[in-house]
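> okay, sequence plus prediction incoming.
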Amino acid sequence: MKKQEIELTRRDNLIHVVKFTLFSASAGLIQVITFTLLNEIVNGFIGLLI
């Protein structure tokens, strides 16, 4: 079974870069939102205990 090499054009490479950048940015945004929400929840819970 031979592997076929696929030649990507400059446009295809640019599309891949844009997709990767948007995917990474959205993952970072989700991480920041999750951290902020959990931080507020934990601080609120600790405030109730004290």
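All right, it came through fine.

> pLDDT score assigned to residue 16?
Looking at residue 16, its pLDDT is 97.

> ok, it - contacts?
Residue 16 sits next to residue 8 when contact means CB atoms under 8 Å, 6 or more residues apart in numbering. Heads up, the C-betas are built off the backbone N, CA and C, glycines and all.

> which stretches of the chain have low pLDDT?
Low-confidence regions of the chain, defined here as pLDDT under 70, cover residues 1.

> please, where are all the helices along it?
For the chain, the helices defined by DSSP state H occupy 10-49.

> could you report the distance from the residue nearest the centre of it to residue 36?
Centroid-nearest residue in the chain: residue 27, 1.4 Å away (criterion: CA atoms, centre = their mean). Distance from residue 27 to residue 36, counting by CB to CB, to the nearest Å: 15 Å.

> what's the answer for residue 20, then?
Applying CB to CB to residue 20 and residue 36 gives a distance of 25 Å.

> same check on residue 5?
The value you get for residue 5 to residue 36, if CB to CB is used, is 45 Å.

> between those two, who's got more neighbours?
Neighbour tally, residue 5 and residue 36, criterion other CB atoms under 10 Å: the higher count belongs to residue 36, 10 against 6.

> distance-wise, check that one relative to residue 29.
In this view, residue 36 and residue 29 are 11 Å apart by CB to CB.

> how about residue 44?
In terms of CB to CB, residue 44 sits 23 Å off from residue 29.
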